[in-house]
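Trainee: A predicted structure for the sequence below; I have some questions about it.
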Amino acid sequence: MDKKIALEFLGFSLAGIDFEAIIKRDHPDFTAENAASYVTNFYGEHKEEIEKSRSELSEILGKKEEEIFTVLENVFHYDYRKEEYTGYVSIFDLNPRFPESLSFQVNYRRSLTLRLEVAVHEILHFAFFQFCNDNIPQLRGADTNSGDLWELSEILNVILLNTEPFQKILGQEELLFYPELKELLQKGKVIFEEEKRDIKKWVERMMAR
């Protein structure tokens, strides 16, 4: 999976983030030509570290699983315990998500706190996508990687993950990853409070902007 994902992100930028630069920052010798051998060799040389990272993340998610699902249910009024989410550790710090399979990747080198943040961040995306598909007709089937639904999901994540219930789980401030969404985030924060944190009303007003 890592080889395929990394190749897809070479030469790719979005909303002010250069993903190829992120790959090269940690893996300067990685190229499209040596992708297969590079990934295979890296996994072989760092097998114990990668497995330890995976095991630690699995353990902390197991401990916090009920709390996460309770907060999600309070936000979206749906029991997401029915869904099956799958996380994979990755040697690349790209942290992509795959809504069609409710799966995501987390960079193994990140601290445990940041690995947990990525996991909750992605699960929250999936919950929001499902909410919009069920409750917002104009966003049903919308692209989750660009456009309105993607933009709203990124800024709502920042807003929600900085609320008290999520902060009790994460223990650190959630920051906006994409610089070009900064202005939209400020507007989203205001509307979120004006609509008394009602997600459906928030989405409808943001869509009307």
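Mentor: Perfect, thanks for sending it. Residues are numbered from 1 along each chain as shown.
Trainee: Extract the CA atoms of the helix or strand harbouring residue 193 and return them as PDB.
Mentor: Element membership of residue 193, judged by DSSP states H and E, is helix 182-194. Only the C-alpha atoms of helix 182-194 are listed here, as PDB (Å, rounded to 0.1, in the frame of the first residue of the first chain):
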ATOM      1  CA  LYS A 182      -7.700  29.600   7.000                       C
ATOM      2  CA  GLU A 183     -10.300  32.300   6.100                       C
ATOM      3  CA  LEU A 184     -13.100  29.700   5.700                       C
ATOM      4  CA  LEU A 185     -12.200  28.300   9.100                       C
ATOM      5  CA  GLN A 186     -12.700  31.600  10.800                       C
ATOM      6  CA  LYS A 187     -16.100  32.000   9.100                       C
ATOM      7  CA  GLY A 188     -17.000  28.400  10.100                       C
ATOM      8  CA  LYS A 189     -16.200  29.000  13.800                       C
ATOM      9  CA  VAL A 190     -18.600  32.000  13.900                       C
ATOM     10  CA  ILE A 191     -21.400  30.100  12.200                       C
ATOM     11  CA  PHE A 192     -20.800  27.100  14.400                       C
ATOM     12  CA  GLU A 193     -21.500  29.100  17.500                       C
ATOM     13  CA  GLU A 194     -24.400  31.100  15.900                       C
END
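Trainee: let's have the chain start at 602 instead
Mentor: All right, first residue 602 from here; so that's helix 783-795.
Trainee: what comes up buried for the next helix or strand after it?
Mentor: Following helix 783-795 in sequence order, the next helix or strand is helix 800-808 (DSSP H and E). For helix 800-808, the neighbour count (16 or more other C-beta atoms under 10 Å) marks 800, 803-804, 806-807 as buried. Bear in mind the C-beta positions are built from the backbone N, C-alpha and C, glycine included.
Trainee: what comes into contact with helix 800-808?
Mentor: Identification of contacts with helix 800-808 by C-beta atoms under 8 Å, 6 or more residues apart in numbering yields 676-677, 729, 732-733, 736-737, 739-740, 749, 753, 757, 788-789, 792-793, 796.
Trainee: switch to 10 Å and redo it
Mentor: 676-678, 728-729, 732-733, 736-737, 739-740, 749-750, 752-753, 756-757, 760-761, 785, 788-789, 791-797, 799 (C-beta atoms under 10 Å, 6 or more residues apart in numbering).
Trainee: before we move on, back to that, got the angle between the helix holding residue 794 and helix 800-808?
Mentor: 140 degrees (axes from the mean of the first three to the mean of the last three C-alpha atoms, to 10 degrees).
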